[in-house]
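Colleague: just a sequence and a predicted model for now, questions to come.
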Amino acid sequence: MKIAVMMAGNQISPHFGGSEKVCIYTVENDNIVAKEYFNMPEHRAGLFAKFIKQKGADVVIAGSIGERARYIFDSLGIRYFIGVLGSPDEAVEKLLKGQLKSNEALANEIHKHEEGLQHHSHGHSHHNKI
C-alpha cells in the first residue's frame, strides 16, 4: 500500500491544492518500508490528483480536499482522510492502527478559510492578466 501525505513545510498541508510537496509512504505488512518526497507540479485543476495516482497512492491524507480532487479520487478508488493536521508520521501510524478518521467539519472550516485567502487577501488571482 502507498499513502500520500500532502505537505506544507514539515506538516500536513491544510489544503490539498496548496501543498508544496507530498510524502509517499510505502507500507508492507503494516510497517513503513520507505518514505519518498516529491515536489508538487504547478497547481492546475485536477493535476495534483493525477500526480498522486501516478505515484501509485492508495490513500491520501490532507487538511482539506476540493470537490474536483475528491471526484477524481473517488473515480480512481483512492481513499482519502481529510481534516487531518499535524505530523505526517503520526497520521500514518494512526492510519496503520485503524485509528485515523476524517474530520469533515474541520476540513470544511479549513476549505472555507483557504478559499477566502485565495480570493481576497494574498494577491493570488485566477484571472488572466493582459
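Modeller: Great, that's in hand.

Colleague: CA only for contacts and neighbour counts going forward, please
Modeller: OK.

Colleague: can you pull the buried residues of stretch 54-62?
Modeller: Buried residues in stretch 54-62, counted by 16 or more other CA atoms under 10 Å: 56, 57, 58, 59, 60, 61, 62.

Colleague: so where does the fifth one fall, helix or strand?
Modeller: Read that as residue 60. strand 59-61 (DSSP states H and E).

Colleague: and that strand, what other elements does it pack with?
Modeller: When contacts are defined as 3 or more CA pairs under 8 Å, 6 or more residues apart in numbering; DSSP states H and E, strand 59-61 sits against strand 2-8, strand 79-81.

Colleague: and it, how far out from the chain middle?
Modeller: 6 Å (CA atoms, centre = their mean, to the nearest Å).

Colleague: which is the next helix or strand following that strand?
Modeller: Where DSSP H and E defines the elements, the next helix or strand beyond strand 59-61 is helix 67-76.

Colleague: quick one: buried residues of that next one?
Modeller: In terms of neighbour count (16+ other CA under 10 Å), helix 67-76 has its buried residues at 69, 70, 73.

Colleague: any idea which of the helices and strands packed on strand 59-61 is most buried?
Modeller: Highest mean neighbour count among these (mean count of other CA atoms under 10 Å): strand 2-8, with a mean of 26.

Colleague: that one pairs with which strands, parallel or anti?
Modeller: Applying DSSP bridges to the sheet, strand 2-8 is found paired with strand 11-12 (antiparallel), strand 21-28 (antiparallel), strand 59-61 (parallel).
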